[in-house]
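# okay, structure incoming, though there's no sequence with it:
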Ligand SMILES: NC(=O)C1=CN([C@@H]2O[C@H](COP(=O)(O)OP(=O)(O)OC[C@H]3O[C@@H](n4cnc5c(N)ncnc54)[C@H](O)[C@@H]3O)[C@@H](O)[C@H]2O)C=CC1
Ligand SMILES: O=C(O)[C@@H]1CCC=N1
């Protein structure tokens with residue numbers, strides 16, 4: 001990867017994930033700069049990653065090729081309005097904020113090359129999954145730059161329709177939390193059955209990892225892999241029947257739809 005200079009505006013959880021992944025990929029620390037309004041957060045990120053973290057967003061952006069907007073959606077408008085006079089022609093804006101449309105960003109920043117994307121926290125381990133959407137001002141080279149940035153921390157897929165970013169948010173953006181919830185619940189269940197807590201946790205996590213690897217590497221789908229684990233009248237069947245009697249699939253659909261809807265609502269509320 002050529003080393004574009006990257007500025008992160010907001011150095012919180014997601015920025016730290018992306019910064020960690022980029023450094024692990026071999027991007028030099030000197031190519032990355034960040035800004036955060038919190039003094040403690042600035043110190044923490046600078047110490048953890050060995051990068052320059054400043055208080056001024058405008059200063060962080062100076063001379064950057066790519067500006068990654070990584071503040072919470074609720075403060076994005078104010079951050080962009082303050083930043084607008086400092087953004088230079090040719091700088092690519094990459095936003096990772098949930099529910100903030102490229103049209104809103106253009107309203108606040110002016111007509112800019114904007115890539116809106118939705119990564120997730122496993123980016124820290126370079127196991128992230130991101131959806132990307134580029135507006136019409138993004139050049140082929142900038143598209144490649146954005147893709148390089150996000151694929152340095154995992155897989156990245158381009159979307160032709162911006163609306164689908166809401167679906168990506170609901171599936172993979174929020175998705176790690178769904179799996180963590182399952183890990184929490186399975187660990188607690190194992191403990192109730194008499195396993196030491198750490199043993200239940202390790203068995204659960206290794207099983208999650210193995211299942212994901214199998215599903216990724218298999219030439220059959222997840223439903224077939226599940227069937228292969230499920231012996232007739234066996235233990236898995238007892239568990240799966242219990243899940244299904246409780247409306248598991250419908251509940252998952254409802255939950256993912258709620259996240260999709262919330263992403264669209266955020267766009268409505270925060271895009272003004
Ligand atoms: N947490 C997640 O799994 C994911 C989050 N996102 C998006 O990433 C963005 C950041 O989320 P998190 O990292 O979780 O939030 P966070 O709260 O950990 O980080 C945001 C950082 O921005 C800083 N900040 C606030 N106002 C600022 C300002 N005016 N100027 C400079 N810095 C400022 C805060 O001090 C904080 O450190 C959000 O827009 C969220 O929608 C996207 C994908 C996944
Ligand atoms: O919960 C949220 O709003 C953000 C977006 C995806 C993951 N976290």
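Looks like it arrived, so ask away. Computed from a predicted model, the values in this text were never measured in an experiment. Numbers count the residues shown, from 1 in each chain. Ligands and ions are numbered 1, 2, ... in the order given.

# okay, CA-based contacts and neighbour counts for the rest of this
OK.

# the closest residue to residue 190 other than its chain neighbours is in what secondary structure piece?
Spatially, and ignoring its direct neighbours in sequence, residue 190 is nearest to residue 200 (5.3 Å; Cα to Cα, 6 or more residues apart in numbering). Using DSSP states H and E, the element containing residue 200 is helix 197-217.

# tilt between whichever helix or strand comes after that helix and helix 197-217?
Per DSSP H and E, the first helix or strand lying C-terminal to helix 197-217 is helix 222-229. Angle of helix 222-229 versus helix 197-217, following axes from the mean of the first three to the mean of the last three Cα atoms, to 10 degrees, is 120 degrees.

# name the helices or strands packed onto the following helix or strand past helix 222-229?
Downstream of helix 222-229, the first helix or strand assigned by DSSP H and E is helix 235-245. Helix 235-245 makes packing contacts with no helix or strand when contacts are defined by 3 or more Cα pairs under 8 Å, 6 or more residues apart in numbering; DSSP states H and E.

# quick one: low-confidence ranges for the stretch 151-272 of the chain?
In the predicted model of the stretch 151-272 of the chain, no residue satisfies pLDDT under 70.

# what's around the residue nearest to residue 190, how many residues?
As a burial measure, residue 200 scores 21 neighbours (other Cα atoms under 10 Å).

# equivalent analysis for residue 17, please.
Residue neighbour count, defined by other Cα under 10 Å, stands at 21 for residue 17.

# what residues are up against it?
Applying Cα atoms under 8 Å, 6 or more residues apart in numbering to residue 17 gives the contacts 121, 122, 123, 124, 125.

# near ligand 1 at all, stretch 88-100?
Yes - judged by Cα under 6 Å from any ligand atom, stretch 88-100 and ligand 1 are in contact via 96, 97, 98.

# test my guess that the last one contacts residue 261.
It stands for residue 98. No - between residue 98 and residue 261 no contact is recorded; they are 11.5 Å apart, counting by Cα atoms under 8 Å.

# between the two, which one's more packed in?
Just comparing residue 98 and residue 261: by other Cα under 10 Å the higher neighbour count belongs to residue 98, 26 against 16.

# returning to that earlier point: contacting residues for the residue nearest to residue 190?
Applying Cα under 8 Å, 6+ apart, the residues contacting residue 200 are 186, 187, 188, 190, 191.

# and the gap between the residue of the stretch 151-272 of the chain found nearest ligand 1 and residue 119?
Nearest residue of the stretch 151-272 of the chain to ligand 1, counting by Cα to the nearest ligand atom: residue 173, 4.8 Å away. To residue 119, residue 173 is 6 Å away according to Cα to Cα, to the nearest Å.

# the contacts of residue 200 in helices, which ones?
Within the contacts of residue 200, residues falling in helices by DSSP state H are 186, 187, 188, 190, 191.

# skipping adjacent residues, who's closest to the residue of the stretch 151-272 of the chain closest to ligand 1 in space?
For residue 173, ignoring the flanking residues on the chain, the nearest one in space by Cα to Cα, 6+ apart is residue 120 at 4.8 Å.

# ramachandran coordinates for the one you found?
Main-chain dihedrals, residue 120, degrees, to the nearest 10: phi -140, psi 170.

# contact residues of this protein facing ligand 1?
Residues of the chain lying close to ligand 1 by Cα under 6 Å from any ligand atom are 9-15, 35-38, 41, 70-73, 79, 96-98, 118-121, 173-174.

# let's see it at 5 Å
By Cα under 5 Å from any ligand atom, the part of the chain that sits against ligand 1 consists of 10-14, 36-38, 70-73, 97-98, 119-121, 173.

# overlap in contacts, residue 173 and residue 119.
Common contact partners of residue 173 and residue 119 (Cα under 8 Å, 6+ apart): 129, 130.
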